[in-house]
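In: predicted coordinates and the sequence they were generated for:
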Amino acid sequence: MNTQAVLDARQVSKHYGRFLAVDNVNLRVMPHTIHAVIGPNGAGKTTLFHSLTGTVPITQGSIVVNGRDVSRLPAHKRVQHGIARSFQVTSLFPELSVRENLRIAAQGTVPRQALRFWTLPTGPLSHAERIDDVLERMGLTATQHMTAGTLAHGQQRRLEIAMALIAQPQIVFLDEPTSGMGVDDIDAMKQLIHGLKSLCTVVLIEHNMGIVMDISDTITVMQQGRVLVEGPPDAIRNNDKVRQAYLGNMITGGQA
């Protein structure tokens, strides 16, 4: 069994002036697992995500991915070290087709290709095989020639995750992937996320406790920028401090 963490964040803090958004957080994520980060609004979950993925610089601490220190690298450099992410608010090219969204995302992962707008996307630049694989995995093959802006919300969320996967990451960060979805879409997304473990490691922010408890291997609970407790779903579900402070009766499967 591989005991080396794919992500090892130690004593990570993020200050905004005098406000301490993330306070001395340690997070160790094992390969090919789903690691959820939960907590009430204002707990520091999203700021932690931004810090780990390079969207905002950390104030102190270290972030190591597969043995390499990426603490001071910007987000686009961390992609080269196997990190990809989706955002809570869907971020797509709405006027382009599903396939073109994926092609641009794939081209952007290769620095020499990222700005070659004058070259037709043929041959290797089309990334055809990789795109076909991701379309099939995310259930988007039938919509590949549709304009992204015309997709239903659930399909747009799938496309955004597909754009993260096209980078062939070792670890993917998903920020509220079921936000705004209907019940049917939520169940399908839950199964898709669970299936990602065969490809990569997943770090997940999600308010739907039914999903968190069903698919997570490890759950980290945050409070006021700090880690309150961490453990497998059963331990979190039965933790009185977590239940009383954050989730109440909703930890059995509702929203929090």
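Out: Good, I have the coordinates.

In: pull out the buried positions in stretch 173-182.
Out: By neighbour count on 16 or more other Cβ atoms under 10 Å, the buried set for stretch 173-182 is 173, 174, 175, 176, 177, 178, 179, 181. (C-beta placed from N, C-alpha, C; glycine too.)

In: and the contacts of whichever strand or helix holds residue 77?
Out: Take DSSP states H and E as the rule and residue 77 turns out to sit in helix 75-79. Here helix 75-79 makes contact (Cβ atoms under 8 Å, 6 or more residues apart in numbering) with 53, 54, 55, 65, 70, 109, 167, 169.

In: now the element after that helix, going C-ward?
Out: Next element after helix 75-79 (DSSP H and E): strand 83-85.

In: and that following strand, what does it pack onto?
Out: If you count contacts as 3 or more Cβ pairs under 8 Å, 6 or more residues apart in numbering; DSSP states H and E, strand 83-85 packs onto helix 45-53, helix 153-165, strand 171-175.

In: strands along this structure, start to end?
Out: 7-16, 19-29, 34-38, 60-65, 68-69, 83-85, 171-175, 201-205, 218-223, 226-231 (DSSP state E).

In: show me where pLDDT drops low in the chain?
Out: Scanning the chain for pLDDT under 70 picks out the ranges 1-2, 87-90, 108-126, 245-256.

In: so what are the domain limits for it?
Out: Domain assignment for the chain, taken from automatic domain parsing, gives 1-82+169-256, 94-168.

In: off-centre distance for the longest one?
Out: Read that as domain 1-82+169-256. Computed by Cα atoms, centre = their mean, to the nearest Å, the chain-centroid distance of domain 1-82+169-256 equals 8 Å.
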